[in-house]
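Novice: Need a 3D model of the following:
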Amino acid sequence: MVDLLQQINPSLGLNGFTVDGRPIYSPIDPLRAGCNARIVGTGGNNPQYTGLSAACFNAQNATLQEFIQLTNGDSFDSHNFSVVLTKQFSEGLFTEGGSFNVNFGYAFNDSQQAGNFRSATADSNFDGTASFDAQNVGVSQSGFETRHNFTLALNLREEFIDDYSTSIGIFFRAAEGRPYSLVFDDATPTFRGTLSAEENILAYIPTGINDPNISPLSNQAALQSYVNALNGQGIISELNCQFTPGQTIGRNTCRNPWTFDMDFRFSQELPFLGKVTGIKQDKIELYVDVANALNLIDENWNSVRTLGGFEQRVALVQGSFDPQGRYVISNFNASQGRADTAEGATAWRIQFGVRYEF
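Specialist: Below is the predicted model:
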């Protein structure tokens, strides 16, 4: 997927690039007076024009900011593995009339993707994909991937009272968090025209406050806070990102923390009026279900907190560039380093019930 109107602008940065080779795009208007640009062929990956000149840039027509063409991208892979182990015991732990079942599962997922396809339209998917090069986004880890997922289910049934079951069920799940990307917030001048406002520019990782690739025009306080955050200081949540200082971070190379969930059910069957009086064979079952029992035990346990939101992007600072192509860092936003709590998944819930059987 490419934007046919986005072209490298040689008047920006270091002849149209940043110091680490990131292309700087601006929209062109081939119909603008003085512009003689003609597209080579029908476009495709990395579309090229002949006759491209300064007159073609700084398009006045806002409708020409985006002209999406669907293309064939790089191939990518997905590798999945799962195993389920089940064992059933014909007796309970305490009574011969009971039973005990154990179910263990593990799933491994290593998936890649060529874009962040979380939207319903092509332009939104194009704008919503964080990248180093917007016209060649490359392959990354999938944002939908759960790398490791463990489950354990235990079901114990006993008959402390003949013909009446006492049951306990426990379900436990441990899952690694999904990936997200570290990006720049929009600043002027932009890397992709007005489309940089989508927070789709993968962030450059400084080696420190004296990184030669960082412009002296940067806000030094914001730069220091940014470096501290990358080192796990000054923000509430840990970023958990894989990066190399002095380079731009890859897409989806940060990962949210593991989550641990446990649900619990207890039920007891008892004789009811029909059975007691001899009129009919009936019984009642009293039960209680507890969802997210860990959070009931301790409010800090299984508090599901994630960074990146729906778009899976975190923008700690605004990023731009100077005339030498060096990165300009400004406006550190500590709130972006604060994980959001998924209230529905975090809250514990209890349900009491009665079931009558006759």
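Novice: Does Ala345 lie in a helix or a strand, and which?
Specialist: Ala345 is part of helix 343-346, with elements assigned from DSSP states H and E.
Novice: Now do the same contact list for the closest residue to Leu230 other than its chain neighbours.
Specialist: Distances taken as CB to CB, 6 or more residues apart in numbering put Ile205 closest to Leu230, at 6.3 Å, once the chain neighbours are dropped. C-beta coordinates here come from the backbone N, C-alpha and C atoms, glycine included. By CB atoms under 8 Å, 6 or more residues apart in numbering, the residues touching Ile205 are 230, 243-249.
Novice: Now tell me what touches the helix holding Ala345 from outside.
Specialist: Taking CB under 8 Å, 6+ apart as the rule, helix 343-346 contacts 259, 261, 292, 295, 302-305.
Novice: Just the ones in strands from those residues, please.
Specialist: 259, 261, 305 (DSSP state E).
Novice: of all these, which comes closest to Arg173?
Specialist: For the ones in strands among the contacts of helix 343-346, the closest approach to Arg173 (CB to CB) belongs to Asp261, at 4.7 Å.
Novice: Measure how buried the nearest residue to Arg338 once chain neighbours are set aside is and give me the count.
Specialist: Leaving aside its sequence neighbours, Arg338 sits nearest to Ile236 (CB to CB, 6+ apart; 4.8 Å). As a burial measure, Ile236 scores 10 neighbours (other CB atoms under 10 Å).
Novice: Please, which helix or strand holds Ile236?
Specialist: Using DSSP H and E, Ile236 falls within no helix or strand.
Novice: quick one: it and Ala339 touch, right?
Specialist: Yes. Using CB atoms under 8 Å, Ile236 is in contact with Ala339, at 7.2 Å.
Novice: residues touching the residue lying closest to Pro257 once chain neighbours are set aside, list them.
Specialist: Distance criterion CB to CB, 6+ apart; nearest residue to Pro257, sequence neighbours excluded, is Gly177 at 5.1 Å. Gly177 sits next to 255-259, 306 when contact means CB under 8 Å, 6+ apart.
Novice: Same question for Phe17.
Specialist: 8, 23-24, 325.
Novice: now Leu286
Specialist: Leu286 sits next to 267-268, 270, 353-354 when contact means CB under 8 Å, 6+ apart.
Novice: Could you do Gly44 as well?
Specialist: Applying CB under 8 Å, 6+ apart, the residues near Gly44 are 2, 69, 71.
Novice: All set, thanks.
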